[in-house]
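>>> dropping a prediction and its sequence here:
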Amino acid sequence: MTRSFDAIICGAGITGVAAAHYLAKAGLTKILLLDERPPLSFTSDRSTECYRNWWPDPVMLALMNRSIDLMEDLANESGNVFRMNRRGYLYITAEESKIPALIERSKRTSNLGAGQLRVHTADSSSYQPAHPEGFANQPTGADLFLGSEIIQKHFPYVSNRAAAALHVRRAGWLSAQQLGMYLLETARRFGVRFESERVTEVDVANGRVNGVRLRSGEFINSPIFIAAPGPFLKEVGGMLGLDLPVFTELHLRAAIKDSLGVVARDAPLLIWDDAQTLPWEKDEREVLAADPEAHWLTETFPAGVHTRPEGAGESQMILILWDFKTRAVDPLWPPTFDEQYPEIALRGLATMLPRMKEYFTKMPRPQLDGGCYTRTLENRPLIGPMGVDGAYIIGAVSGYGIMSACGAGDLLAAHIIGKSLPAYAPTFELARYKSAEYLREIEAMGDTGQL
Ligand SMILES: Cc1cc2nc3c(=O)[nH]c(=O)nc-3n(C[C@H](O)[C@H](O)[C@H](O)COP(=O)(O)OP(=O)(O)OC[C@H]3O[C@@H](n4cnc5c(N)ncnc54)[C@H](O)[C@@H]3O)c2cc1C
């Protein structure tokens, strides 16, 4: 007999489990969640697990504020099983000339709804340092430090060349795995069923979703199909005859044991916001510059190298990330990783954290992995109807899929259940690309705020 469900979700990464959770919570309980891999084992297992509400794009900021509200609710109801903290993001610059623009941008983001901006100079004493664990009773908004003296006072491990630093406060990190498992387990309690299977076809009859075909050959009836396949969005969109406007980029991360304690264990996420050239000894630089294959290592690298402490208790691990060579790739698995990445990223970090140089002669053994950002051109997600009756999408969540998952799942559930939608909903629908005005708007868009 053909099985029937009220909704089928393809993909049990963080977006798929969040969709299941919020749909089930909204009352749709006969849901089948399908994934050919174990839940939460693909891209969602390879992130930095960070979140922030500080976005220059007002609709992204609103989505993140909503998502963080929901994550805080889940943390409160679960006894914070996913260890959400609010240590913040610290964006640092050594370039005095960038300070006026930084102040301007910070004021603008604050006014968009990210919270109060507090400015501190050398004699200021009102800064409230972040608590390393939890998020209760801690400031939101951001603290802007001007001058190296006050930066050194609060973050002594950062280079004394730092001229300004912006500490974004409704931000931090959590365990994405534990958050995902909590969403999944609660969804299961509401009646959601998970099965390990691959969706190979979506059946559409008379312009309406009818069901899906699985790799096993089984056909399952469902009037609702939700595409949450992460990097395989293009492929799954094709099952509905759609060419979705998304592409994938490979992003790497390295983990090393910081046995010298260069990064304080209570540090926020530390981001060097200036372009730089890598620190080499004079003779090393000469050799590299003369080698056509290695010459690029002496050229200017982009801003954005970042790190944070990883793990609780006695852990000495740190995560290191730097998108210095991002390129669009097909979502092939396993990807080829650039073995030079950890050393380059560690050298880049030494500009922000000078004691990293102590590792140059004996590089700690790195663990290297990564995954794909699946994104749209303007870096906004796709959440809502797909243009075929009964088909919905939740994806293209780029480098922010963990922090946005709850807000995205909640928004998708509102679309499906027919609840009133927030003002930002149309900006994330696929139908936005039909508007010539929208296409002009995204062409003119500048910084999307993605690390
Ligand atoms: C290096 C790196 C750092 C990052 N840092 C952060 C961060 O700090 N904060 C943040 O918020 N985000 C971060 N991200 C982004 C975040 O990890 C992703 O946006 C998010 O995990 C995407 O989740 P997903 O559920 O859409 O995709 P996935 O986790 O990839 O899940 C998709 C699932 O769909 C399944 N699937 C696909 N096709 C089918 C099919 N036909 N049938 C059945 N199953 C199918 C796959 O098996 C997979 O399990 C980072 C990403 C990377 C790579």
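Alright, I've got the coordinates.
>>> quick one: the most far-flung residue of the chain relative to its centre and residue 50, what's the gap?
In the chain, counting by C-alpha atoms, centre = their mean, residue 1 sits farthest out from the average C-alpha position, at 41.7 Å. Between residue 1 and residue 50 the distance is 47 Å, computed by C-beta to C-beta, to the nearest Å. Quick note: C-beta positions are derived from backbone N, CA and C, even for glycine.
>>> residue 356 now?
In terms of C-beta to C-beta, residue 356 sits 20 Å off from residue 50.
>>> now do residue 122
29 Å.
>>> more neighbours, those two?
Using other C-beta atoms under 10 Å, the more surrounded residue of residue 122 and residue 50 is residue 50, with 24 against 13.
>>> dump the residue contacts of the nearest residue to residue 366 once chain neighbours are set aside.
Of all residues not flanking residue 366 in the chain, residue 342 sits nearest, at 3.6 Å (C-beta to C-beta, 6 or more residues apart in numbering). By C-beta atoms under 8 Å, 6 or more residues apart in numbering, residue 342 lies in contact with 254, 256, 320, 363, 366, 368.
>>> repeat that for residue 83.
So, once contact is read as C-beta under 8 Å, 6+ apart, residue 83 ends up touching 133, 174, 175, 178, 312.
>>> just flag the most distant two among those residues.
133 and 178 (14.1 Å; C-beta to C-beta).
>>> wait, residue 328 touches residue 246, no?
No - Residue 328 lies out of contact with residue 246 (C-beta atoms under 8 Å); the separation is 10.5 Å.
>>> more crowded one of the two?
Shown here are residue 328 and residue 246; by other C-beta under 10 Å, residue 246 has more neighbours (19 against 11).
>>> would you agree that one is in contact with residue 396?
Yes - assessed by C-beta under 8 Å, residue 246 is found in contact with residue 396 at 4.9 Å.
>>> what touches both of the two?
Common neighbours of residue 246 and residue 396 (C-beta under 8 Å, 6+ apart) are 233, 374, 375, 376, 382.
>>> ok, so of those, who is nearest the ligand?
residue 374 (6.6 Å; C-beta to the nearest ligand atom).
>>> thinking again about what came up before, now narrow the contacts of residue 83 to whatever sits close to the ligand.
The subset of the contacts of residue 83 lying close to the ligand, counting by C-beta under 6 Å from any ligand atom, is empty.
>>> PyMOL command for the buried members of those?
Here is the PyMOL command that picks out the buried ones among those, judged by 16 or more other C-beta atoms under 10 Å:
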select buried, resi 174+175+178
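>>> from the contacts of residue 83, which ones fall inside helices?
residue 178 (DSSP state H).
>>> any chance of a markdown table for the contacts of residue 83, columns pLDDT?
Formatted as a markdown table, these follow (pLDDT from 0 to 100):
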| residue | pLDDT |
| --- | --- |
| 133 | 97 |
| 174 | 98 |
| 175 | 98 |
| 178 | 98 |
| 312 | 90 |
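>>> report the contact partners of residue 374.
Contact analysis of residue 374 by C-beta under 8 Å, 6+ apart lists 43, 230, 231, 233, 246, 247, 248, 331, 395, 396, 397, 398.
>>> what confidence value was assigned to residue 330?
Per-residue confidence (pLDDT) for residue 330: 85.
>>> nearest spatial neighbour of residue 13, skipping sequence neighbours?
residue 44 (4.2 Å).
>>> let's test this: mean pLDDT of stretch 153-171, rounded?
Confidence for stretch 153-171, expressed as mean pLDDT, is 98.
>>> what's the span of it from first residue to last?
21 Å (C-alpha to C-alpha, to the nearest Å).
>>> how about that stretch: buried residues?
Going by 16+ other C-beta under 10 Å, stretch 153-171 has these buried residues: 154-155, 157-159, 162-171.
>>> strands of the stretch 201-350 of the chain, start to end?
Assigned by DSSP state E, counting those that start in this stretch, the stretch 201-350 of the chain shows strands spanning 208-214, 219-221, 225-227, 247-257, 269-272, 276-277, 300-301, 306-309, 317-321.
>>> between those, which gets nearest to residue 435?
Nearest to residue 435, of these and by C-beta to C-beta, is strand 247-257 at 20.7 Å.
>>> any stretches of the chain with poor pLDDT?
Along the chain, the parts satisfying pLDDT under 70 run over 449-451.
>>> most centrally placed residue in it?
Taking C-alpha atoms, centre = their mean, the chain has its central residue at residue 400, 2.4 Å away.
>>> mind listing what the residue of the stretch 1-150 of the chain found nearest the ligand touches?
Residue nearest to the ligand within the stretch 1-150 of the chain (C-beta to the nearest ligand atom): residue 13, separated by 2.1 Å. Contact analysis of residue 13 by C-beta under 8 Å, 6+ apart lists 35, 39, 40, 42, 43, 44, 180, 228, 230, 401.
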